[in-house]
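Asks: Below: sequence and its predicted model.
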Amino acid sequence: LAFDKEKKICVFLEYTRAMDTNEDWAEKKEQEENDRYSSHLGFINHLSHREKSGWKASQTNFTTGVRGSLHTNQFLMRLESLGVKNTNTREAIRNRKVQKTLSM
């Protein structure tokens, strides 16, 4: 989980390593990850709205294939949405993620 108290944002962070042998592996895993937390996010957002607390909950998924594949643009955009604004930093995180996956 990541929290931003000033903006009243709670983000579920999901890091997954998936089998990437099928062409649609990333889309299937993305749907599984979204399904896994949908009731939690719905409950938090419903309660926040009901109590007028102003908090918003969302989910950000980072999925890498076991062979090191990932959707680069999507990965970099999701890092940016979390506040990683520097292009070189986002690229370094992506490179480390792939290297770490391949070393497992």
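Replies: Looks like it arrived, so ask away. Computed from a predicted model, the values in this text were never measured in an experiment.
Asks: and V11, helix, strand or coil?
Replies: Per DSSP: H, G, I helix; E, B strand; the rest coil, the local secondary structure of V11 is strand.
Asks: could you list every residue that touches the closest residue to it other than its chain neighbours?
Replies: Distance criterion CB to CB, 6 or more residues apart in numbering; nearest residue to V11, sequence neighbours excluded, is A2 at 4.5 Å. Every residue, glycine included, has its C-beta placed from N, CA and C. Residues near A2 by CB atoms under 8 Å, 6 or more residues apart in numbering: 10-11, 13, 82.
Asks: among the residues you listed, which ones are buried?
Replies: Neighbour counting with 16 or more other CB atoms under 10 Å marks 10-11 as buried within the contacts of A2.
Asks: closest to L41 among the contacts of A2?
Replies: Nearest to L41, judged by CB to CB, of those is C10 at 8.9 Å.
Asks: Give me the pLDDT value at A57.
Replies: A57 is assigned 98 on the pLDDT scale.
Asks: Roughly how far does the residue nearest to V11 sit from T21?
Replies: Look at A2 and T21: by CB to CB, to the nearest Å, they are 31 Å apart.
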